[in-house]
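Enquirer: Need the 3D shape of this:
(chains A and B)
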Protein chains: 2
Amino acid sequence: MAKKTKDYDSADSPHSVGLTEAKTFRLATAEKPFKLELGGQLGPVDIEYETYGTLSPAKDNAVLITHALSGDAHVAGWDKHAAASGRVWRARKPGWWDTVIGPGKPLDTTKFFIVCANFLGSCYGTTGPSSVNPATGRAYALKFPLVTTGDWVRQQAMLLDKLGIQRLLGVAGGSIGGQQALEWALAFPERVEKCIVLAASARLSAQGLAFNAVGRFSIMNDPAFNWGEYYGTAGPQAGLAAARMLAHITYLSEEGMHEKFGRRATKDKEGFGAEFEVESYLNYQGRSFVERFDANSYLYITRAMDYYDAAAQWGGGDLAAACKRIQAEVMVVSFSSDWLYPPAHCRALALALSRNGQPVTYVDVPSRYGHDAFLVETKPVGSLLKNFLVRRK
Amino acid sequence: MAKKTKDYDSADSPHSVGLTEAKTFRLATAEKPFKLELGGQLGPVDIEYETYGTLSPAKDNAVLITHALSGDAHVAGWDKHAAASGRVWRARKPGWWDTVIGPGKPLDTTKFFIVCANFLGSCYGTTGPSSVNPATGRAYALKFPLVTTGDWVRQQAMLLDKLGIQRLLGVAGGSIGGQQALEWALAFPERVEKCIVLAASARLSAQGLAFNAVGRFSIMNDPAFNWGEYYGTAGPQAGLAAARMLAHITYLSEEGMHEKFGRRATKDKEGFGAEFEVESYLNYQGRSFVERFDANSYLYITRAMDYYDAAAQWGGGDLAAACKRIQAEVMVVSFSSDWLYPPAHCRALALALSRNGQPVTYVDVPSRYGHDAFLVETKPVGSLLKNFLVRRK
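Expert: Got it, this is the predicted structure:
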């Protein structure tokens, strides 16, 4: 539920990072492959990333942004090569968190060096199931290995090594981006000064697992899915659209949907078309997602989302025990109407830190925008980000 | 989330209505068709219904039970012809509300005459899209006319006329069964003494519309759907299963799912199988539904569910104005963790009646079973039903 284009800064605004160009980093080669947490290895691995601002001589002003399910490295500004690269949708709007990143914005690019990398398994320039498998000369499809949040964080750490950044001033993300931020503080405690977890908890609920399962079921049971071997064809468009429509319901809130659509009718006549506005909205979300996302990536990323469990990974099931590893100052931000990562679950993470006597800030932002609020509630989110990053211990 | 078979009374228990046989009532003929609220007409129309207990000489002990989306007329006891009729699943368990209906049970069949009819558009004996269209000699499929809650209630009224029941002691149902109970009190105010609305409000929310829309999208985009002309083939099994799996998430609650499944793993290895118990559960629900439900019926019934809006229909958008028609004493029962028909929405119906000074009882039953609670919370629901029906004004 991003704002309309007109509300964004144009590329020549003094508050925009302007035109951006993605860079690619070869993280691993066939000879020196990347080993995955759940087994298997990959090589070559390319990582697409973007940076804005300038790394300070002391290299102490880097802020890593971690993206969510359908996100990419293009966090701010206007993609210089949107049309030429085939990512035409980027010509219509700036990066996904442009509202908070830019000169004079909360994540002020005149002060901070911002880095964001597309994660493994995705379809925006980083190696994923749609990439060519050197062993066969065709796309990996379901031969791609399973990826995890831990893999993503290690991949980002390797990129930072390459950029000469030993320690992050901050890492920040929402949804599974928030889980990556948390995982950063757990996996590389000495490399994170401040960790910002938005609209995320230490693990997905049973209900969240259930929604992901139905989304994958829709994709995998679309006959056009063809066991993942659909490259060169239209692919499982209906299945992927259904998965996205369903996910969209979980991104909004009941009251937000009521406010936005209510039970208003469209001009469609009675029957099984898009007769209510909310149907028309979901159809649009489904259709437009199919144009820009790979169905196999959807499977791999939702599975990584399912698997993430910070307490199991680092504390033998005990979240407070896991959190003891963390050296960073942590801020957890939930949104009152978020039911995908409900406030109570986010608060549990803050409480675990607090019980250990570790520095933690917890804020529940009142909002009707549900899970999407981390992208939409620009003002409170912006000021929380800014104050938390600027404040010194 | 019904209880296991062993918890039910067997057919020879003194508390069971025993072996049941459905009856059929020809409601309309080709010559004298049934006219539908949204236009069009149907004939012949057959209605499958069941009754338990004995109608009193004064005909003042009839209680009509109205069923939900996937329900049928078989509310209690054991279907005598389960195997022979091809409805084999009925051999495994008694009627869907057997826990509260029977001799000595809350809806005591030694006192009340219980009636339940399968509604138009369904697939359990009453005319629906899978029935033969006399005009073509083939199933109606999408040539079946749109049906509404109003049609269902008129159909039930015609059945009661035939049974010689002028006035109901009570009408009770949950979910869209609750909406039918409400519609009874609105459409036939003089024919209802007590109206019991469980887990239902005066209209579905935008979020509810959205879930139904995604379910229908899944069915209609399954290539095996073939524009509804799938009879004689396997039909849109994957689409219908996805719709059911999704709906099942809305029938449970987040905390209920957490308690029932948590994040427990199955023995499936890592990948895209049913690796979490909740996935295995949903897969089972999807598969078993496909065996017993018609996909076209799912479309028609969810659309009727979407359309229902008591305030729009009877009060020009004002629920309290609509409620002024009601002469019955009303009881509204919500369930604390129901998020398909949330307590606040159910309460709004009770408040509208209360503001008019009309007799209404509202109870929010604390439960972790979500929307399913009206079927599962046997004790509180049973005692509410019993006390409300037995109490005299």
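
Enquirer: Can you confirm whether stretch A:223-230 lies near chain B?
Expert: Yes - judged by CB under 8 Å from any CB of the partner chain, stretch A:223-230 comes into contact with chain B at A:P223. (Glycine included, C-beta is placed from N, CA and C.)

Enquirer: What distance separates the opening and closing residues of that stretch?
Expert: 10 Å (CA to CA, to the nearest Å).

Enquirer: And it, how far out from the chain middle?
Expert: 26 Å (CA atoms, centre = their mean, to the nearest Å).

Enquirer: From A:L349, how far out is A:V63?
Expert: Plainly put, A:V63 is 20 Å away from A:L349 if you go by CB to CB, to the nearest Å.

Enquirer: how many neighbours does the residue nearest to A:E21 when sequence neighbours are not counted have?
Expert: Leaving aside its chain neighbours, A:E21 sits nearest to A:K80 (5.2 Å; criterion: CB to CB, 6 or more residues apart in numbering or on different chains). Here the count is done by other CB atoms under 10 Å in any protein chain shown, and A:K80 has 15 residues near it.

Enquirer: The one 10 residues further on too?
Expert: Each residue near A:R90 was counted by other CB under 10 Å, and the total is 22.

Enquirer: next one: A:D60
Expert: 14.

Enquirer: now do the one 4 residues further on
Expert: Residue neighbour count, defined by other CB under 10 Å, stands at 27 for A:L64.

Enquirer: Over to A:W227?
Expert: Residues near A:W227, counting by other CB under 10 Å, number 8.

Enquirer: How much space separates the residue most central in space within chain A from chain B?
Expert: Centroid-nearest residue in chain A, with CA atoms, centre = their mean: A:A68, separated by 1.2 Å. To chain B, A:A68 is 20 Å away according to CB to the nearest CB, to the nearest Å.

Enquirer: Equivalent analysis for A:S367, please.
Expert: 16 Å.

Enquirer: quick one: contacts for that residue?
Expert: By CB atoms under 8 Å, 6 or more residues apart in numbering or on different chains, the contact set of A:S367 is A:335-338, A:373, A:376-377, A:380.

Enquirer: distance between the ends of stretch A:328-341?
Expert: With CA to CA as the measure, stretch A:328-341 spans 22 Å from end to end.

Enquirer: now that stretch, how far from the centre of its chain.
Expert: Its chain's C-alpha centre and that of stretch A:328-341 lie 14 Å apart, by CA atoms, centre = their mean.

Enquirer: now swap in stretch A:31-47 and tell me
Expert: Counting by CA atoms, centre = their mean, stretch A:31-47 is centred 21 Å from the centre of its parent chain.

Enquirer: the strands in the stretch 151-300 of chain A, which residues?
Expert: Taking DSSP state E, counting those that start in this stretch to define them, one finds strands in the stretch 151-300 of chain A at A:168-174, A:192-198.

Enquirer: quick one: secondary structure of A:G357?
Expert: Using DSSP: H, G, I helix; E, B strand; the rest coil, the structure places A:G357 in coil.

Enquirer: er, A:I47 actually
Expert: Under the three-state scheme (three-state DSSP), A:I47 adopts strand.

Enquirer: can you list the domains in chain A?
Expert: Following automatic domain parsing, one finds the domains of chain A at A:5-204+A:309-390, A:209-300.

Enquirer: These: which one's closest to B:C123?
Expert: Closest to B:C123 of these is domain A:209-300 (CB to CB; 17.0 Å).

Enquirer: Now that the residue nearest to the centre of chain A has come up, it's in contact with A:G174, right?
Expert: Yes - A:A68 lies in contact with A:G174 (CB atoms under 8 Å); the separation is 6.0 Å.
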